[in-house]
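1. Just to be clear, the model below is a prediction. Sequence and coordinates:
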Amino acid sequence: MKLTKEQEDKICDFVDSQGLQLQSLRDDILDHLCCVIENELRRGKSFEKSLQDALLELAPNGLIDMERKTIFLLNSKRIIMMKKLMYLIGFIGSVVLTVGVTFKLLYYPYANKLLTIGFLLLLLVYVPLLTIDKYKVAIGKALSERLKIILGFTAGILLGLSVLFKVMHFWGAEILLLAGAVIFAVGYLPFLFFTMYKRSIA
């Protein structure tokens with residue numbers, strides 16, 4: 001049984017309402033859904049049931065999730081290389097920071113330089129890259145999930161810089177600490193516990 005114009009428009013409107021960015025993927029999904037639904041209609045299923053079953057079979061976690069996975073596959077080599085670089089920077093920054101703290105406690109030379117380099121690698125390179133990576137994953141999720149990532153990143157950067165400023169005896173450590181603590185306590189923690197609460201009752 002061939003789809004009517006009204007049924008085709010319903011499928012098209014539904015797919016467009018999902019907010020897909022890849023035009024080629026959108027067209028492929030439309031073609032696939034139309035073919036599957038036509039086949040199911042021939043078997044005597046209703047249009048609504050056929051559409052529901054076709055979507056469940058094609059993308060059980062939603063079309064946005066399918067698009068995200070498609071983008072990952074299309075850019076997998078570049079993404080994997082970026083992740084390797086990100087974690088390598090995080091590893092180097094952690095090692096340098098650990099050595100810097102050890103040198104500072106033992107009054108060895110170059111302690112301040114190592115501390116500064118370690119903090120800057122972690123705070124200004126690794127943490128932003130990690131935040132972007134997490135935000136991309138949460139882009140299709142609720143606003144509260146995205147705000148939690150942004151506020152957590154901001155609080156982490158400010159608190160980290162306040163520690164660095166305090167250790168290096170720079171001016172402004174107290175201001176950074178207060179700003180970071182306020183954002184963490186008033187901004188990040190409510191979103192964190194609200195998300196945990198929602199998951200616990202889901």
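-> Looks like it arrived, so ask away.
2. tell me how far the ends of stretch 132-142 are from each other?
-> With C-alpha to C-alpha, to the nearest Å applied, stretch 132-142 spans 16 Å between its terminal residues.
3. So which residues of this structure form helices?
-> Using DSSP state H, the helices of the chain run over 5-17, 23-42, 47-58, 63-74, 76-105, 111-120, 127-137, 143-167, 173-182, 189-201.
4. any residues touching the last one, and which ones?
-> Yep, that's helix 189-201 we're talking about. Identification of contacts with helix 189-201 by C-beta atoms under 8 Å, 6 or more residues apart in numbering yields 144, 145, 147, 148, 151, 152. Quick note: C-beta positions are derived from backbone N, CA and C, even for glycine.
5. Now do the buried residues in that helix.
-> If you call a residue buried by 16 or more other C-beta atoms under 10 Å, then helix 189-201 has these buried ones: residue 191.
6. and it with helix 143-167, angle?
-> Angle between the axes of helix 189-201 and helix 143-167 is 140 degrees (criterion: axes from the mean of the first three to the mean of the last three C-alpha atoms, to 10 degrees).
7. average pLDDT for helix 189-201?
-> For helix 189-201, the mean pLDDT works out to 82.
8. what's the spacing between that helix and its chain's center?
-> In terms of C-alpha atoms, centre = their mean, to the nearest Å, the gap separating the centre of helix 189-201 from the centre of its chain is 17 Å.
9. looking at the helices of the chain, which one has the lowest mean pLDDT?
-> helix 63-74 (a mean of 77).
10. show me what contacts residue 25?
-> Residues in contact with residue 25, defined by C-beta under 8 Å, 6+ apart, are 66, 67, 70.
11. Which residue, other than its chain neighbours, is closest to the first one?
-> Put plainly, it is residue 66. Spatial nearest neighbour of residue 66, chain neighbours left out: residue 59 (4.1 Å); criterion: C-beta to C-beta, 6 or more residues apart in numbering.
12. Please read off the pLDDT at that neighbour from the model.
-> pLDDT, residue 59: 82.
13. what's the neighbour count on it?
-> Close neighbours of residue 59, defined as other C-beta atoms under 10 Å, add up to 16.
14. So it sits against residue 65, correct?
-> Yes: under the criterion of C-beta atoms under 8 Å, residue 59 makes contact with residue 65 at 6.6 Å.
15. Domains in the protein, by residue range?
-> The chain breaks down into these structural domains: 5-70, 76-201 (assignment by automatic domain parsing).
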